[in-house]
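> I'll drop the sequence and a predicted model, then ask my questions.
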Amino acid sequence: MDGMTDPGVGDWQEVGVALSEQGTNVSDESQGATTDGVYWFVCSNNAKQVVSFDDARNYVATFAPDPVIRYGMWADAGQPNADADENGVPVFGGDFDPHFGAPAFDHGWIYVPIQGPHGVWRFSIDGTEQFWQKASYDDFAFPGDDDLFPWCAIHPVTGVLYTCNFRTPPCLRAYDSESLEYRRPDDIKIGPAPLLLDHVQGGVFTSHGRLILSCSDDNAVFCFSSLNGHCFGAQTLGNFGNIVGSEVEGVTVRSVQFDGVPASVHIFELVNKGPLGPGDFDLHSFQVPAPQLL
């Protein structure tokens, strides 16, 4: 029943910025953040890395695909033309440039969705293990799905991994979180919404069964029930004061205080600068009217 109570998404208000970075290799083309409740984990498509930050905005650790992971991605991408490192392992760039999307955290693991080839790179937050797994079904196998894995999230009850198509998704696609075998019966249909759901950049499940999605065309946040796909509501976000370059990416959930004001939902904004230099990011924090039900 908690999963069907209205979270009042139209009343969510920004009360602070939990994390920000300007003009670095990491902030450029950053795609989103997730959290283990202590640290923030930011994924940069430019750097092809995930960097963890503490609440003082200090770098804590950097995670990157090891040579075995890079080789596996390259092989699953069809062995495109690529430069190699000193050990002959393909490096990212040129024809071998997979897109790293908005990450997810679950039980000590970070999951990074990859497009081209489509799959997930996951690693333990203690840095001891990492794996690459290509998705069992190519996204072109699904009517209306031609670009899966811009983001991923783990359902907190079932442990199933979900993603959706970047453009106007008909539903969420379900995968085993380790093997990435497709689980059709667990797909979640997305119900009608008051705003157009397009360019979906991020998603996260709450502990009470809600699904929050963020999109960049136009910048907006949506909230659905993961039980039946009912849309509780949506809110346009504007450009956060940036005249150009504002692009909403991932979304995550964590309790944070700003001068005694609680914030529960955190929406990641990338500010693209184009020829002016590397982009910036801001993690905008929103107060939710009834956070105990989120």
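Done, it's in. Numbers count the residues shown, from 1 in each chain.

> a helix runs through residue 174, doesn't it?
No. Counting by DSSP: H, G, I helix; E, B strand; the rest coil, residue 174 is not part of a helix but strand.

> Contacts only, for it.
Contacts for residue 174 were tallied using C-beta atoms under 8 Å, 6 or more residues apart in numbering; they are 160, 161, 162, 182, 183, 184, 185, 186, 187, 188. All C-beta spots, glycine's among them, are computed from the backbone N, C-alpha and C.

> Name the nearest residue to it, ignoring sequence neighbours.
Among residues not flanking residue 174 along the chain, residue 186 sits closest, at 3.5 Å (C-beta to C-beta, 6 or more residues apart in numbering).

> Please convert the contacts of residue 174 to a markdown table, extending it with distance to residue 198, neighbour count and secondary structure.
What follows is the contacts of residue 174, written out as a markdown table (distance: C-beta to C-beta, whole Å; neighbours: other C-beta atoms under 10 Å; DSSP: H, G, I helix; E, B strand; the rest coil):
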| residue | distance to residue 198 | neighbour count | secondary structure |
| --- | --- | --- | --- |
| 160 | 24 | 18 | coil |
| 161 | 22 | 26 | strand |
| 162 | 18 | 25 | strand |
| 182 | 24 | 16 | strand |
| 183 | 25 | 17 | coil |
| 184 | 24 | 9 | helix |
| 185 | 27 | 5 | helix |
| 186 | 24 | 16 | helix |
| 187 | 19 | 19 | coil |
| 188 | 18 | 20 | strand |
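
> Tell me the one of the residues you listed nearest residue 244?
When the contacts of residue 174 are ranked by distance to residue 244 (C-beta to C-beta), residue 162 comes first, at 32.1 Å.

> The lengthiest strand in the chain: how far from the chain's middle?
For the chain, the longest strand by residue count, based on DSSP state E, is strand 246-258. Offset of strand 246-258 from its chain centre (C-alpha atoms, centre = their mean, to the nearest Å): 11 Å.

> which parts of it are buried?
Under the neighbour-count criterion of 16 or more other C-beta atoms under 10 Å, strand 246-258 has 246, 247, 248, 249, 250, 251, 252, 253, 254, 256 buried.

> same check, this time on stretch 95-112
96, 98-106, 109-112.

> Identify the farthest-apart pair in the residues you listed.
96 and 106 (28.1 Å).

> picking that back up, show me the buried residues of stretch 95-112 that map onto strands.
99, 100, 104, 105, 106, 109, 110, 111, 112.

> Helices along the stretch 51-200 of the chain, start to end?
Assigned by DSSP state H, counting those that start in this stretch, the helices in the stretch 51-200 of the chain fall at 67-76.

> who's in contact with the residue nearest to residue 177 when sequence neighbours are not counted?
Leaving aside its sequence neighbours, residue 177 sits nearest to residue 161 (C-beta to C-beta, 6+ apart; 4.2 Å). Contacts were defined as C-beta under 8 Å, 6+ apart; by that measure residue 161 touches 104, 111, 120, 152, 153, 154, 155, 174, 175, 176, 177, 180.

> now with 10 Å?
Shown in contact with residue 161 (C-beta atoms under 10 Å, 6 or more residues apart in numbering): 104, 106, 111, 113, 120, 122, 135, 149, 152-155, 173-178, 180, 183, 186.

> same question, residue 194
The neighbourhood of residue 194, defined by C-beta under 10 Å, 6+ apart, consists of 9, 10, 220, 222, 231, 232, 233, 234, 235, 236.

> now residue 10
Taking C-beta under 10 Å, 6+ apart, one finds 194, 223, 232, 233, 234, 235, 236, 289 in contact with residue 10.

> Would you mind giving both backbone torsions of the fifth one?
Note on residue 234: its backbone torsions stand at phi -150, psi 160 [degrees, to the nearest 10].

> Can you get me a residue count around the spatially closest residue to residue 207 that is not a sequence neighbour?
Distances taken as C-beta to C-beta, 6+ apart place residue 156 nearest to residue 207, at 5.7 Å, with adjacent residues excluded. Residues near residue 156, counting by other C-beta atoms under 10 Å, number 15.

> Please report how far residue 156 lies from residue 22.
33 Å (C-beta to C-beta, to the nearest Å).
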